[in-house]
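K.L.:
I'll drop the sequence and a predicted model, then ask my questions.
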Amino acid sequence: MRRFLKKRNGYAAIAGVVAIILLPEKVCAKEYQTYTEYRTTYRDEIYSGETVQCDMNEIPAEERTASTAQSAVLNFEVEKTGLYVLGFDYKCTGDNILQTSLTMKVNGEIPYRELEHLFFSDTWRTGEKEYDRYGNESIAMPDKVKEWKFTYLRDTSFLQNDPLMVYLEAGENELEFTANEGCVELGDIYLSAPVQPAEDCMETADGEAMILIEAEDFVTRNSPNIRTIANFNTRVTPYDPELKRQNVIDEASFRIGGTSVDYQFTVDEAGYYYIAFDYLQSSKSNFTVYRNLYIDGEIPSKSYENIPFEYTTGYSRNKQEIPVYLSQGTHELTLEVALEPYGEAVSILNGIVEQINDLALSVNKITGGNINKYRDFELEQYGLNIEGNLNSWADTVETLYEELAAMDRYGKKNGEIKLLDTAVKSLRLLAEKPNELPQNIDTFSYGDSSVRQYLTTVAENLSYGNLSLDKLFIYQKDADLPKAPGFFARMGLSLKHFVASFTQSDYAPGYAESDTLEIWVNRPRQYLEIIQRMADTDFTEKTGIKVNLSIVPDQQKLILSNASGKAPDGAIGIASGYVYDLALRNALVDLRQFENFSRVGKRFAPGMLIPGVCDDGIYAIPETFNFYVMFYRTDIFEKLNLKVPDNMEEVRELLPELTRMGLGFNTHVANMPTKTFAATAPFVFQNGGDIFGDTTTKVQLDTEEVIGGLKYLTENFTVYDMDYEILNFYQSFRDGRTPIGVSDYATYNLLTNAAPELNGCWEIALYPGLVAEDGTVDRSTSGAAESCILFQSSDKQEAAWKFIDWWMSDEVQTEFSFTLQTTLGNEYMWNSANLSAIGNAPWSEKNKQVILEQIGWTNEMPRVPGSYMIERELGNVLINVVTNNQNIRTAIDNAQKRINSELQRKLEEFGYIDSEGNVKKELIAPNKELIEEWLE
């Protein structure tokens, strides 16, 4: 936004110099001071002169472009020493969906932490209105616009409206830019003094003119995640009792500081105007959120900075009766999420949380995690002022609570800050017995009910400003603003909607016309709407094949529909565990029969195809995948000077260091109440084991490789004392109790999108596997998730295969991944099994490289009749050894007997052996090598 933008006439031009620097591998960030501390240091040296322009146009564009692979260095002369507001012309040239962000160094250093994550606003233009086949209006797909814009330095937290300032000494200075996300071509630089919005105008907006803007009709936005929704609320417009109409901005999508929507409107007659909003803020109880309003890039007056929107249970009208002068013609109105009223509180809370983390770590170093209630600690002897710190934090938080409560009319009824009061009480109680902090460490720092978590939760609450908008009005004093429908009108519309709900069967399972494919989808409706739209506009247009997609909420219906002879032509989003049972009963089509199967199959890691193998056929191709990688807290590892392990032996070497400080390591096995193949099979594979060996009629668990793998797994708990149960690694990782561990895609999504306090404080690494005799590390893990299948009963198998081929193609999977995140939000990360699509996905570039390498290690336990018994008994080996102290060879021997007994029964049932155990039909137990051979 150009809130501080001045006219550029008469700017002095200074030639700039730019250089390209290839970036080294990123290292852990240092501890930098905050912007508040930095600004205080130079508060008496704020620049107050005219704006100076540094001309960069003579420099080649490629040398002015900062990306994740290279940085641009800009050198320029400054005539006078001072604290400057820096502005930039720039163009975002990347195709990234995640917010474009840069890091800036000043003369080779980062002077304060906010410069590590600078906000460079993208532009997303709203597409044409779209409708599904049932007449419902869909969310329009936005298009990224790569255009020149202007910005001041703003950090991604947006806790203040004022742009960041930088201290520059007279003479030559250097700015170095590196992209954290995206790619930015930099233009001219502007050095200026800070400017405040104008005083409010005291004129009266006389007249009758009114301009109505539907809030959902924004022209552009700076985040694709801001979206519209169809709300069947009779108070909003447009409204249709039978069909969905996109009619409001989704409250949950318009909440992140600095995100904004832009509208264009035309003024027929110049004059003064008021502005009003029909809005809803119902998700944050008794809480006020704020917005900044810009007209043609500038905040018109002080009252339009931090406009308050109070809590409401229904759509209400917010009138800003401070006049704004508008000239005749077209104007742009921008509404931006403002967090400044809570910015200082968030910074203070985050600062206290950091200190709490440091103190908890210091206490753990002293106690080694020993919190026995009979052991006494004199913590002051170690230089820790526990009582003073606890009381000081309690005083600060209490003052903060009182000030926040006084900000609006809700006072202490404000539900978003209530936990501060609880935190104060806890801190006071802890301060009464400071030497018992080790025994009360959970109350202090760890878990959902700790002081640290209370403060983190409030800071997060204050950092979001949820708001839904229905309409905007630009009007004059005597204008007749539209009123909401009356009681009887609303009742009539509601009755029509109620009646219509009985006749609607959109996307319900059914049976299509003879020339239309019937595909069942085990996904939520919003996914289905996107897939159906893509199929109608792309697949059907290219092939002429019509497709009808239906939601199947329960996968058991697939088995029932097949048994009744009413199975669909195909299904997608089906759990991989269902595939073998269907294929074994001749319900599915062998996909190897299709001419281009090998080409399609090569889109995936070979190990992902194993769950779809039955006999010598492949009956499913993977749609999504799961991955297991190692997560670690970079901030904690840096403070403790610990090395990130590469294999399981190094993990074991790390354990004493972690234990000495009361910390732990998470193995994904500990997160599984039921010990599935994902828990046990990786250790068998990594140790070179094969449970079938030379025969598939019996398992061979008594080989040295299988025993060695399972022994290694169990000794992690019985000998090396890893935690056997960590039911919520995500929370344990957030609070620092378990700063490293193996987990999956779900944890990755949560940490990426639901743990804002950990931004920049964690990374991922490859799974720490077992070291082979040749010194290499085997990182084999499970990875199959959902699959795509075709039914044998279909008379349109060739057409259905063309649909699956299209759906799992590189281009379509990439488009779907981008569409999900742009229309539904960044938390809707599509974990496509297509390797190229994952490489193109709008995820962190650095993390994608790790994930792609780990996917290559995917290896699944082959499915055979009675696989459930193999999975159960391998899990029982682990359970019996760890929890019942059973000898591992005894546990394995017992498991092998039970498995082979059930396996013989199942093999006879399905005709693989006769009652005497003689082989009648070969049973194939596939592995990665066999899959690769079939794909040749």
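P.N.:
That came in fine, so what should we check first? Computed from a predicted structure; not experimentally measured. Numbering: from 1, shown residues only.
K.L.:
okay, CA-based contacts and neighbour counts for the rest of this
P.N.:
OK.
K.L.:
please name the residues that touch the spatially most central residue of the chain.
P.N.:
Central residue of the chain (CA atoms, centre = their mean): N753, 3.3 Å from the mean position. With contact taken as CA atoms under 8 Å, 6 or more residues apart in numbering, N753 is in contact with 826-827.
K.L.:
now K149: how far from E638?
P.N.:
With distances taken as CA to CA, to the nearest Å, K149 is found 38 Å from E638.
K.L.:
who has more neighbours out of these two?
P.N.:
More crowded of K149 and E638, by other CA atoms under 10 Å: K149, with 18 against 14.
K.L.:
helix/strand/coil for the more buried one?
P.N.:
Per DSSP: H, G, I helix; E, B strand; the rest coil, the local secondary structure of K149 is strand.
K.L.:
ok, it - contacts?
P.N.:
So K149 contacts 89-91 (CA under 8 Å, 6+ apart).
K.L.:
so where's the stretch 451-600 of the chain shaky on pLDDT?
P.N.:
493, 501-513 (pLDDT under 70).
K.L.:
typo on my end, the chain
P.N.:
Within the chain, the set of residues satisfying pLDDT under 70 comprises 1-31, 369-374, 493, 501-513.
K.L.:
one more time with 80, if that's ok
P.N.:
1-31, 368-377, 484-490, 492-514, 553, 559, 562-564, 693-696 (pLDDT under 80).
K.L.:
next helix or strand past the lengthiest helix in it?
P.N.:
Using DSSP state H, we find that the single longest helix of the chain is helix 340-367. Following helix 340-367 in sequence order, the next helix or strand is helix 386-405 (DSSP states H and E).
K.L.:
how about the very next helix or strand once past that next one: buried residues?
P.N.:
Note on helix 386-405: by DSSP H and E, the next helix or strand toward the C-terminus is helix 418-432. Applying a neighbour-count criterion of 16 or more other CA atoms under 10 Å, one finds 419-424, 426-428, 430-431 buried in helix 418-432.
K.L.:
how about these in CSV, adding distance to G544?
P.N.:
Converted to CSV, the buried residues of helix 418-432 look like this (distance: CA to CA, whole Å):
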residue, distance to G544
L419, 59
L420, 61
D421, 64
T422, 63
A423, 63
V424, 67
S426, 67
L427, 68
R428, 72
L430, 71
A431, 74
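K.L.:
neighbours of the closest residue to L379 other than its chain neighbours, how many?
P.N.:
The shortest distance from L379 to any non-neighbouring residue, by CA to CA, 6 or more residues apart in numbering, is to N435 (5.9 Å). By other CA under 10 Å, 17 other residues sit near N435.
K.L.:
name the SS class of N435, please.
P.N.:
helix.
K.L.:
pretty sure it contacts Q381?
P.N.:
No. Counting by CA atoms under 8 Å, N435 stays clear of Q381, with 10.5 Å between them.
K.L.:
now what about stretch 792-804, what contacts it?
P.N.:
Applying CA under 8 Å, 6+ apart, the contact partners of stretch 792-804 are 517, 539, 545, 562, 565, 567-570, 586-589, 594, 788, 790-791.
K.L.:
only the buried subset of those, as a PyMOL command please.
P.N.:
The buried subset of the contacts of stretch 792-804, as determined by 16+ other CA under 10 Å, is captured in PyMOL by this line:
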select buried, resi 517+539+545+562+567+568+569+570+587+588+589+788+790+791
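K.L.:
JSON lines for the contacts of K149, including secondary structure, neighbour count and distance to A489?
P.N.:
Formatted as JSON lines, those follow (DSSP: H, G, I helix; E, B strand; the rest coil; neighbours: other CA atoms under 10 Å; distance: CA to CA, whole Å):
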{"residue": "D89", "secondary structure": "strand", "neighbour count": "16", "distance to A489": "52"}
{"residue": "Y90", "secondary structure": "strand", "neighbour count": "22", "distance to A489": "51"}
{"residue": "K91", "secondary structure": "strand", "neighbour count": "22", "distance to A489": "49"}
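K.L.:
adding distance to P323 as columns, could you present those in a markdown table?
P.N.:
Output for these, formatted as a markdown table (distance: CA to CA, whole Å):
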| residue | distance to P323 |
| --- | --- |
| D89 | 31 |
| Y90 | 33 |
| K91 | 34 |
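K.L.:
can you show me the strands along the stretch 201-350 of the chain?
P.N.:
Assigned by DSSP state E, counting those that start in this stretch, the strands in the stretch 201-350 of the chain fall at 210-214, 220-221, 228-230, 246-249, 260-267, 271-280, 289-295, 307-309, 316-326, 329-338.
K.L.:
now, of the ones you listed, which is deepest in the fold?
P.N.:
Compared across the strands of the stretch 201-350 of the chain, strand 246-249 shows the largest average neighbour count, a mean of 26 (mean count of other CA atoms under 10 Å).
K.L.:
hang on, the earlier thing: to D155, which of the strands of the stretch 201-350 of the chain lies closest?
P.N.:
strand 329-338 (13.0 Å; CA to CA).
K.L.:
show me where the stretch 651-800 of the chain has helices.
P.N.:
677-686, 704-718, 729-735, 745-753, 797-807 (DSSP state H, counting those that start in this stretch).
K.L.:
check which helices and strands the shortest one sits against.
P.N.:
Other helices and strands packing on helix 729-735, by 3 or more CA pairs under 8 Å, 6 or more residues apart in numbering; DSSP states H and E, are helix 745-753.
K.L.:
how many other residues sit next to the closest residue to D735 other than its chain neighbours?
P.N.:
Using CA to CA, 6+ apart and skipping residues adjacent in sequence, the residue nearest D735 is Y446, 5.6 Å away. Burial measure for Y446: 22 neighbouring residues, criterion other CA under 10 Å.
K.L.:
how about M630: what's its closest non-neighbour residue?
P.N.:
V742 (4.3 Å).
K.L.:
just give me the neighbour total for the one you found.
P.N.:
For V742, using other CA under 10 Å, the count is 24.
K.L.:
doesn't G664 make contact with it?
P.N.:
No. Applying CA under 8 Å as the test, V742 and G664 come out as separate, 11.7 Å apart.
K.L.:
where's K546 relative to F597, distance?
P.N.:
For K546 relative to F597 (CA to CA), the value is 22 Å.
K.L.:
meant to ask about N136, not that
P.N.:
From N136 to F597 the distance is 36 Å (CA to CA).
K.L.:
repeat for L98
P.N.:
Taken as CA to CA, the span from L98 to F597 is 34 Å.
K.L.:
same check on V547?
P.N.:
As judged by CA to CA, V547 and F597 stand 21 Å apart.
K.L.:
can you classify E50 by secondary structure?
P.N.:
E50 is classified as coil under three-state DSSP.
K.L.:
need the contact list for it.
P.N.:
With contacts defined as CA under 8 Å, 6+ apart, E50 is in contact with 192-193.
K.L.:
can you rerun that using 7 Å?
P.N.:
S192 (CA atoms under 7 Å, 6 or more residues apart in numbering).
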